[in-house]
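> From the sequence below, what's the structure:
(chains A and B)
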Amino acid sequence: MALTGLDIYKRLPKTNCRECGVPTCLAFAMRVAAGQATMDGCPRLSDEARAELGEASAPPQRLVKMGPEQNPIEVGQETVLFRHDEKFHHPTAVALRVSDAQDGNAIREACTAFKALGFPRVGQVLTAQMIALDNESDSVEKFTAAAEIIAKELAVPMVLMSRKLDSLAAAATGPLTGARPVLYCTADASVDDLAVLAEKAAALLCVAGSLESVAERVEALAAKGIKNVLISPGDAPASATLEFMTRTRRATLKKKFRPLGYPVLAVAAAQDATAAALDACAYVCKYAAVVVCNAWEPYLLLPILTTRQNIYTDPQKPVQVEAKVYDIGEVGPASPLLVTTNFSLSYYAVESEVEASRIPCRILAVDTEGTSVLTSWASDKLNPKTITAALKAAGMENEVKHRKLVIPGLVAVMAAPLAEESGWEVLVGPKEASGIGPFLKSEWKVA
Amino acid sequence: MTTRVPDTSEKWGSAVNTVVIGATAEQGGTRTSTITIGGAATLPFLSFEDSIGHRPAIAGEVWDSGADTWPETLKAYGDTMASPGAWAKKAVEFGAQLICLRLAGAHPDSGDRSAEQCAAAVKEVLSAVGVPLIIWGCGVDEKDNDILPAVSAAAKGENCLIGTAREKNYRTLVAVCLADRHKLIAESPLDINIAKQVNILCSDAGFPLKDIVIYPTTSALGYGLEYVYSIQERGRLAGLRGDKLLAQPVICDVGFEAWRVKEAKGPTFDSVTDENRLRWGPMWEAATATVLLQAGAELLIMRHPDAIREVTKALDRFTTTTKA
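Residues are numbered from 1 along each chain as shown, chains lettered A, B, ... in the order given. Okay, here's the model as predicted:
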């Protein structure tokens, strides 16, 4: 039975030492009760109290750490079914599948390709973070050799997939020693054998199958002290995968059902790569902690990574950049000065178009509390006064010689009042960021 | 040892409204097929829990004029884009179950076509294809109020879905949809309370709530999709829990939004090659649709034939029943 905040509070030191990062012991207890913190966060907890609170205070879904110590990924410990209820905490780890049936050179090439898969978007570089090595060859030697290449080239967290425990054991205790891979035996294996393997290799296990069989085996593993586990619907069709993920998340959060309180690994590796990539997008939305896919083509991978970026955004925090002037390229006194808001989406849309134009520009991101151009104009956060104040605060009159401002086309109506308020000449730019390049090349030149 | 997995099924208590679009000869129209959307008594695709209702439908987007502004990748429709009837036919060949005729050419800044011209475009599409029709105005209040009565009259008895009614401009559309017996799209700007408000306004003006499809605004993947996702999800949860003002099926303007963004139109990443350049757009459109479907979407307006085909296949996979 889950403990209430007060049950937990009674056993805390009540010193309000703040070492856990929360102002009071009571606040900390409430966070633990809500599944947002663990007892480990309290450095002064007595061993007695720790034992007493033990499992009961653990968050409903376990936090699992995959991969080598210098480059780990944490997944799990999710607290809600719907992102608007709070937020999703640990973004889905995207694992690209590699078959060991290819020769060493092909695997090396895959590693090179993996390194090149980075996409700058809205101030982040989006990447796949894991490799899922599939023992398609059924050969222990080929599997181990492939694992060795990947470990050397990439040192990223890995999922090892095989029908044979021997293959998993050889790779995990050989080239991947200390790399904490996820061992996913795709054939039936006894709980005892899996437990021995996990202990010997200091690795994680992925337990796949129907909900009932997964719950049963996870519980048996827990009884043996094996708790670094992911669960999976295995090679199930898309609708069954969505069902598995929804039911496990609900059982965990609403029923506090421990045997399913582990992050889910979903497999979207069908032959039809486009179909599999779309399934992966759906799985990211609906609770997958790890998704194994074949989306090596950038046009298939970026939609998955962007879905993750969107869905895992904190809905309670407007996504914003610091309100200031950004220099893009080698700017001088003659460089154009573009006005936008500090809403990330607005700012980065402008920034990426300026970069693409290769014309050095200054971008003035006005503090609109992270709202877009039209929204901030409607709520009077983007107006001649706020823009003029931002110009002054940034000392632009000393930096820019031409005294010309470019404002977004969507707020063309403020051109005249802004010119009056600021004393600068105001040019009306394009309505969409995509028009900035052509604007700079034609209208700015003649202006 | 047996471990009993607890029952995690929810009892929602209510369902999404069912809306039929199109009318056959027997029903007073000329359509050869009709489309029924809505009816889900649970969240998307959770067939283990309850009825997932009718399968979401895909409408092919057709413009009355002005298609020369469409990106090159979308020129799969070729010369047909010069005439809405031929274009609609092509879209049906590509797998569209309805046609969404967008009267883009009526916009004062891009053609300013007259009510008569718009009505003629509607008639042309109606005679070219047998599938049901969605008609979308140009979005400018005064102009919509000028063209939509003529458009509605031209399609009288066809049981079209016409939009959009907005908080500040709904009376004309409500009146003509009532008179000519069409269904109506109620639009709101990413705001659940305004979505309810527009439904109240339309309902107070005499339009039945059960004949409304809501458009809570759509964004493309990577461009604010998370806001849309959560608005749709919150609305759907409220609808399933019995809020009659949010029990309407949802329409998403997927193609229009997805094809505005650079990842679709002209991706600029280092890894883009001439070989794969043309695949980015269809995939971006299909992924946008796939994500929106997870938050509850009954009607998708789409553009690229490959995206329509992929989302049709995805719907096959998502709607496969899992109940034993």
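
> Just say helix, strand or coil for the residue in the stretch 51-200 of chain A that chain B sits nearest to.
In the stretch 51-200 of chain A, the residue that lies nearest chain B is residue A:84 (4.3 Å; CB to the nearest CB). Where C-beta positions appear, they are placed from N, C-alpha and C, glycine not excepted. At residue A:84, secondary structure determined by DSSP: H, G, I helix; E, B strand; the rest coil is helix.

> neighbours of it, just the number please.
Residues lying near residue A:84 (other CB atoms under 10 Å in any protein chain shown) number 16.

> wait, what's in contact with the closest residue to it other than its chain neighbours?
In space, and not counting its chain neighbours, residue A:84 is closest to residue B:230: 4.3 Å by CB to CB, 6 or more residues apart in numbering or on different chains. Residues near residue B:230 by CB atoms under 8 Å, 6 or more residues apart in numbering or on different chains: A:82-84, A:315, B:295.

> again, 6 Å this time
A:83-84, A:315 (CB atoms under 6 Å, 6 or more residues apart in numbering or on different chains).

> Could you do residue A:276 as well?
Taking CB under 6 Å, 6+ apart as the test, what residue A:276 contacts is A:268-270, A:293-294.

> hmm, try it at 8 Å
The contact partners of residue A:276, by CB under 8 Å, 6+ apart, come to A:268-270, A:293-295.

> repeat for residue B:34
The neighbourhood of residue B:34, defined by CB under 8 Å, 6+ apart, consists of B:20-24, B:27, B:132, B:159.

> Quick check: of those, which lies closest to residue A:342?
For those, the residue nearest residue A:342 by CB to CB is residue B:21; the value is 42.7 Å.

> can you tell me how far that closest one sits from residue A:90?
The gap separating residue B:21 from residue A:90 is 42 Å, by CB to CB, to the nearest Å.

> can you check residue A:339 too?
Applying CB to CB, the value for residue A:339 to residue A:90 is 37 Å.

> Have a look at the two and say which one is more surrounded.
Each of residue A:339 and residue A:90 has its neighbours counted (other CB under 10 Å); residue A:339 has more, 24 against 17.

> Low-confidence stretches in chain A?
For chain A, the stretches with pLDDT under 70 are A:1-2, A:54-57, A:446-447.

> Now with 50, please.
A:1 (pLDDT under 50).

> Quick one: buried ones out of the contacts of residue B:34?
Buried members of the contacts of residue B:34, scored by 16 or more other CB atoms under 10 Å in any protein chain shown, are B:20-24, B:132, B:159.

> farthest-separated two in the residues you listed?
Comparing every pair within those by CB to CB identifies B:21 and B:24 as the most remote, at 11.8 Å.

> what pLDDT does the residue nearest to residue A:84 get?
For residue B:230, the model assigns a pLDDT of 97.

> The contacts of residue A:276: which two are farthest apart?
Greatest spatial distance among these (CB to CB): A:270 and A:295, at 11.3 Å.

> Of the two, which one has the most company?
Taking neighbours as other CB under 10 Å, residue A:270 and residue A:295 compare with residue A:295 leading, 28 against 17.

> From chain B, how far off is the more buried one?
Distance, residue A:295 to chain B, by CB to the nearest CB, to the nearest Å: 10 Å.

> I'd guessed that residue sits against residue A:301; true?
Yes: the pair residue A:295 / residue A:301 is scored as a contact, 4.2 Å apart, by CB atoms under 8 Å.

> overlap in contacts of the two?
Shared contacts of residue A:295 and residue A:301, defined by CB under 8 Å, 6+ apart, are found at A:94, A:96, A:128, A:277.

> Quick check: which element contains the residue in the stretch 201-324 of chain B that chain A sits nearest to?
Minimum separation of the stretch 201-324 of chain B from chain A (CB to the nearest CB) falls at residue B:287, amounting to 3.6 Å. If you go by DSSP states H and E, residue B:287 is part of helix B:277-294.

> and after that helix, which helix or strand comes next?
For helix B:277-294, the succeeding helix or strand toward the C-terminus, using DSSP H and E, is strand B:299-302.

> now for that following strand, which elements pack on it?
On a contact count with 3 or more CB pairs under 8 Å, 6 or more residues apart in numbering or on different chains; DSSP states H and E, strand B:299-302 meets strand B:57-63, strand B:133-136, strand B:251-252, helix B:254-258, helix B:277-294, helix B:305-319.

> so which strand or helix has the most centrally placed residue in chain A?
For chain A, the residue nearest the mean C-alpha position is residue A:91 (3.2 Å; CA atoms, centre = their mean). Assessed by DSSP H and E, residue A:91 sits outside every helix and strand.

> I'd assumed residue A:310 was in contact with it.
No: Residue A:91 lies out of contact with residue A:310 (CB under 8 Å); the separation is 10.6 Å.

> by contact count, what packs against the host helix or strand of residue A:363?
Assigned by DSSP H and E, residue A:363 belongs to strand A:361-366. Here strand A:361-366 touches strand A:325-328, strand A:337-341, helix A:344-357, helix A:384-393, helix A:396-399, going by 3+ CB pairs under 8 Å, 6+ apart.

> hmm, who's touching it?
A:321-329, A:331, A:335-342, A:347, A:350-351, A:354, A:376, A:381-382, A:386-387, A:390-391, A:394, A:396, A:399-400, A:405, A:440.

> Phi, psi for whichever residue of the stretch 251-400 of chain A sits closest to chain B please.
Minimum separation of the stretch 251-400 of chain A from chain B (CB to the nearest CB) falls at residue A:303, amounting to 3.6 Å. Backbone torsions of residue A:303, given as degrees, to the nearest 10, read phi -60, psi -40.

> what's the neighbour count on it?
Neighbour count of residue A:303, defined by other CB under 10 Å: 28.

> which residues touch residue B:162?
Residues near residue B:162 by CB under 8 Å, 6+ apart: B:134-137, B:148, B:151-152, B:173, B:176-177, B:182-185.

> ok, 10 Å please
Residue B:162 sits next to B:101, B:122, B:133-137, B:144, B:148, B:151-152, B:155, B:173, B:176-177, B:180, B:182-185 when contact means CB atoms under 10 Å, 6 or more residues apart in numbering or on different chains.

> Am I right that it is in a strand?
Yes: the assignment for residue B:162 (three-state DSSP) places it in a strand.

> Test of understanding: give the bridge partners of it.
Beta-bridge pairing of residue B:162 under DSSP bridges involves residue B:135, residue B:184.

> rewinding a little: may I have the helix or strand hosting the residue nearest to residue A:84 exported as PDB, CA atoms only?
Residue B:230 belongs to helix B:225-240 when assigned by DSSP H and E. This file holds the C-alpha atoms of helix B:225-240, laid out as PDB (Å, rounded to 0.1, in the frame of the first residue of the first chain):
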ATOM      1  CA  LEU B 225       2.300  20.300 -32.100                       C
ATOM      2  CA  GLU B 226       2.500  19.600 -28.300                       C
ATOM      3  CA  TYR B 227      -0.100  22.400 -27.600                       C
ATOM      4  CA  VAL B 228      -2.500  20.900 -30.100                       C
ATOM      5  CA  TYR B 229      -1.900  17.500 -28.800                       C
ATOM      6  CA  SER B 230      -2.700  18.400 -25.200                       C
ATOM      7  CA  ILE B 231      -5.700  20.500 -26.200                       C
ATOM      8  CA  GLN B 232      -7.200  17.600 -28.200                       C
ATOM      9  CA  GLU B 233      -6.400  15.100 -25.400                       C
ATOM     10  CA  ARG B 234      -8.000  17.300 -22.700                       C
ATOM     11  CA  GLY B 235     -11.000  17.900 -24.900                       C
ATOM     12  CA  ARG B 236     -11.400  14.200 -25.600                       C
ATOM     13  CA  LEU B 237     -11.100  13.300 -21.900                       C
ATOM     14  CA  ALA B 238     -13.800  15.800 -21.000                       C
ATOM     15  CA  GLY B 239     -16.000  14.600 -23.800                       C
ATOM     16  CA  LEU B 240     -15.700  11.000 -22.700                       C
END
